[in-house]
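A.B. asks: following is a predicted model, sequence given first.
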Amino acid sequence: MSHARILVADDEPDIRLMVTRMLGKDYLVLEAANGNQAVSLARLHKPDLVLMDIMMPEKDGYSACAAIKSDPDTKCIPVIMVTGIDHQLNIKLSEEMGADGYITKPFSLDELLNVVTRYVQSTG
């Protein structure tokens, strides 16, 4: 098992559970139910990667990503936006907020693992 930590920020418990099951054998998975929790957990645990849903209560994924990327302690953590819509606006907004990439729901295990592997290997 890798010691890499992945923060999954999504307000849907089923999505967090699915991602945890997909990645839990190989990574330590942290979960956040909203953007505020995501920012707090990123600051506290300094994960190797953040998978950030866009539409969340309290603080959306764009704002949470911007907060993580503007903090000197967390700005180097790769943030991958997770979106239900493969849309140019999402790509543009994600890039403007400092996101390192995006993945579209629904995603396959292979797609998820490819993204995680690419970013976790590049940080470690």
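C.D. replies: Sure thing, it's come through.
A.B. asks: which SSE is Ile80 in?
C.D. replies: For Ile80, the enclosing helix or strand under DSSP states H and E is strand 79-83.
A.B. asks: list every C-alpha atom in that strand, with coordinates, as CSV.
C.D. replies: Output in CSV follows, covering the C-alpha atoms of strand 79-83 (Å, rounded to 0.1, in the frame of the first residue of the first chain):
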residue,chain,number,x,y,z
VAL,A,79,-6.5,19.5,-7.5
ILE,A,80,-8.5,17.5,-10.0
MET,A,81,-12.0,18.8,-10.5
VAL,A,82,-14.8,16.2,-10.8
THR,A,83,-17.7,17.3,-12.9
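A.B. asks: could you list the low-pLDDT ranges of the protein?
C.D. replies: 1-2, 85-95, 122-124 (pLDDT under 70).
A.B. asks: mind checking the longest helix of the protein?
C.D. replies: In the chain, taking DSSP state H as the definition, the longest helix is helix 109-123.
A.B. asks: give me the buried positions along it.
C.D. replies: Across helix 109-123, burial judged by 16 or more other CB atoms under 10 Å covers Leu112, Val115, Val116, Tyr119, Val120. Any C-beta I mention is one placed from the backbone N, CA and C, and that applies to glycine too.
A.B. asks: skipping adjacent residues, who's closest to the second one in space?
C.D. replies: Nearest-residue entry for Val115: Ile103, 5.4 Å, with adjacent residues in sequence omitted and distances by CB to CB, 6 or more residues apart in numbering.
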